[in-house]
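K.L.:
got a structure for you, letters missing:
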């Protein structure tokens, strides 16, 4: 079953975060594990509030990714650019599809 992790966070340093994520993506190019899709959302009602959605093939795959030392290092770097605590929501995907 597909699995999605949603990470809610606040930052005033989004461009720096995006640079770190781009560099991590380049380092991980060609990997067969890890997230299969990602999406970054900006909250229109709360300035500097964002949601990152990461899709994995399964919950187990997401947990393996979380245990990867490189993932931990990236998480620490992103946390340093965040304001306050990040909020994690773990979801099993029951249904998904294109509407148009």
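P.N.:
Great, that's in hand. All of these numbers come straight from a predicted model, not from anything done at the bench. Residues are numbered from 1 along each chain as shown.
K.L.:
Would you indicate which residues of the strand ranked longest in the chain are buried?
P.N.:
As assigned by DSSP state E, the longest strand anywhere in the chain is strand 83-92. Applying a neighbour-count criterion of 16 or more other Cβ atoms under 10 Å, one finds nothing buried in strand 83-92. Any C-beta I mention is one placed from the backbone N, CA and C, and that applies to glycine too.
K.L.:
tell me what the helix or strand hosting residue 20 is packed against?
P.N.:
Following DSSP states H and E, the helix or strand that holds residue 20 is helix 14-27. Judged by 3 or more Cβ pairs under 8 Å, 6 or more residues apart in numbering; DSSP states H and E, the packing partners of helix 14-27 are helix 69-80.
K.L.:
and the gap between the spatially closest residue to residue 38 that is not a sequence neighbour and residue 67?
P.N.:
Nearest non-adjacent residue to residue 38, counting by Cβ to Cβ, 6 or more residues apart in numbering: residue 54, 5.3 Å away. Residue 54 sits 15 Å away from residue 67, going by Cβ to Cβ, to the nearest Å.
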